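> turn this into a structure:
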Amino acid sequence: MTQTPGVTAPDYDLTQPLDIDFAGAFADITEEERAQQLAVRQFVQDEVLPVIDGYWERYEVPMDLVKRMAELDFLRDGVDVPGFRKISKMAEGLSAMEMSRGDGSVTTICGVQGGLALRSITMLGSDEQIEKYAGPMARGEILGAFALTEPTHGSDSVGLETSAVKETRDGVEGYVINGEKKWIGFGSIGDISVVWARGEDGQVHGYIVPQDTPGYRATTIEGKLSLRAIHQAHIVLDDVFVPADCLLPKSRSFKDTGRVLFATRLGVAWGAVGQAIACYETAVAYSQQRVQFGRPLAASQMVQERLTKMLSILTQMQLLVKQMTRLDEAEQLTGPQASLAKYTCTRGAREIAAIARDLLGGNGILLENRVARHFADIEALHTYEGTESMQALIIGREITGTSAFA
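Numbering: from 1, shown residues only. Now for the predicted structure:
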């Protein structure tokens, strides 16, 4: 486009990585971890950022990117799978950070497929189930969903009402599942769902349910303002029969469900760091390129103060997730500590996104300028895997020794 000074808007370049680590939080990561981080960053730069705005705006899942993530071994979200290389928890976190810097929906795809569905099977499944599903899921040949949340049970998912009753049909022993699930990523466009239901013993168990099973009806939720490049489903399970070997044998109670969720909570915090980085990078680049009153915005004291505030918050977030990940590697991370990481980082990301959106002025609401998409997606990140209120109650119980749950 031919630009006329003072008339035509310039083409801003707002997506270049700044490799932000002001406090040297990641100075001691290994060469292998750094290589993993840079590999994900390259994928984001070359393949995610050029196309993601279109998918987000069209409310379309980028299945071509899902395929590429599988080819590059980014889809399993660091979960250990037989035959695949082991990835350290630090590398897993750095990967989530870099992927989220590109897009929240793409990171959520990895979190649903690998962090939740695949992890449920590898952590709680039988050897036969792991052999059948783990490799194909890591390769993207089978797409999975994690069906826990219900229309009336979100934060109190421990009270879920979906039921599983033993029954024999045509000589086959199995379970009949009835109930509803909501906000289930890949629940309407995947291949299997790990459905959490209450058995006749009163305990919560996990069941691998093929999505083409009779009685499984899933509708893609419409009208989302956030995470528009991944579809969530409202699922109705109406007398869904699955054979007995679909039960995850190590899922004996909701505590086991909680073990899966606990293993993903730091990943959410890392994702918040990545989205905050994207907003901060954009604000820095825009302030240097946008000229007002005859000088770049970066020459304004007010703008420099805002950038400093953003960097201060971001640096605290980086230091926190790094330390919590070190504790996780040493198997010393507690639930309240993971909750503090999630609570702090999603709150911080919201604040950074709001400052960046304001700093960009009217240009801040355009998808092409990156911040608006992250601004919307951070709202979902702030809510899922435990709302701010629920995390605060977990942390508050640890502080006071008194439970304030209703």
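> where exactly do the strands run in the stretch 251-400 of the chain?
Listed in chain order, the strands of the stretch 251-400 of the chain (DSSP state E, counting those that start in this stretch) span residues 291-292, 295-296.
> make TSV from those and add mean pLDDT and distance to residue 316 to it.
C-beta here means a position set from N, CA and C on the backbone, and glycine is covered the same way. Converted to TSV, the strands of the stretch 251-400 of the chain look like this (pLDDT from 0 to 100; distance: least, CB to CB, whole Å):
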stretch	mean pLDDT	distance to residue 316
strand 291-292	94	30
strand 295-296	95	27
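> got the ones you listed as TSV, with mean neighbour count and distance to residue 66 columns?
Below are the strands of the stretch 251-400 of the chain laid out as TSV (neighbours: other CB atoms under 10 Å; distance: least, CB to CB, whole Å):
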stretch	mean neighbour count	distance to residue 66
strand 291-292	12	40
strand 295-296	12	39
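> which of those sits closest to residue 98?
Closest to residue 98 of these is strand 295-296 (CB to CB; 28.0 Å).
> ok, residues contacting that closest one?
287, 288, 289, 290 (CB atoms under 8 Å, 6 or more residues apart in numbering).
> pairing partners for that strand, with directions?
strand 291-292 (antiparallel) (DSSP bridges).
> who does the helix or strand bottoming out on mean pLDDT in the chain touch, helix- and strand-wise?
Every helix and strand of the chain was ranked by mean pLDDT, DSSP states H and E. The lowest is helix 388-400, at a mean of 92. Other helices and strands packing on helix 388-400, by 3 or more CB pairs under 8 Å, 6 or more residues apart in numbering; DSSP states H and E, are helix 335-359.
> report the buried residues of the helix it packs on.
By neighbour count on 16 or more other CB atoms under 10 Å, the buried set for helix 335-359 is 336-357, 359.
> now residue 181, what's its secondary structure?
strand (DSSP: H, G, I helix; E, B strand; the rest coil).
> Provide the partner residues of it in its beta bridges.
Residue 181 has the following beta-bridge partners by DSSP bridges: residue 235.
> near it, how many other residues are there?
Using other CB atoms under 10 Å, residue 181 has 26 other residues around it.
> from memory it sits against residue 148, does it?
Yes. Contact between residue 181 and residue 148 holds when scored by CB atoms under 8 Å: they sit 7.2 Å apart.
> now do the contacts for the spatially closest residue to residue 337 that is not a sequence neighbour.
Nearest non-adjacent residue to residue 337, counting by CB to CB, 6 or more residues apart in numbering: residue 324, 5.9 Å away. When contacts are counted by CB under 8 Å, 6+ apart, residue 324 is found next to 266, 269, 333, 337, 338, 340, 341.
> what do you get for residue 363?
So residue 363 contacts 12, 286, 290, 369 (CB under 8 Å, 6+ apart).
> out of those, what pair is the most spread apart?
290 and 369 (10.4 Å).
> for this protein, what are the low-confidence residue spans?
Along the chain, segments meeting pLDDT under 70 span 1-8, 406.
> between helix 335-359 and the longest helix seen in it, find me the angle.
The longest helix of the chain (DSSP state H) is helix 254-289. With axes from the mean of the first three to the mean of the last three CA atoms, to 10 degrees applied, the angle from helix 254-289 to helix 335-359 works out at 30 degrees.
> and helix 254-289 with helix 388-400, angle?
110 degrees.
> tell me which residue is most central in this protein.
Nearest residue to the geometric centre of the chain (CA atoms, centre = their mean): residue 108, 3.5 Å.
> that one and residue 230 touch, don't they?
Yes. Contact status for residue 108 versus residue 230: in contact at 5.1 Å, counting by CB under 8 Å.
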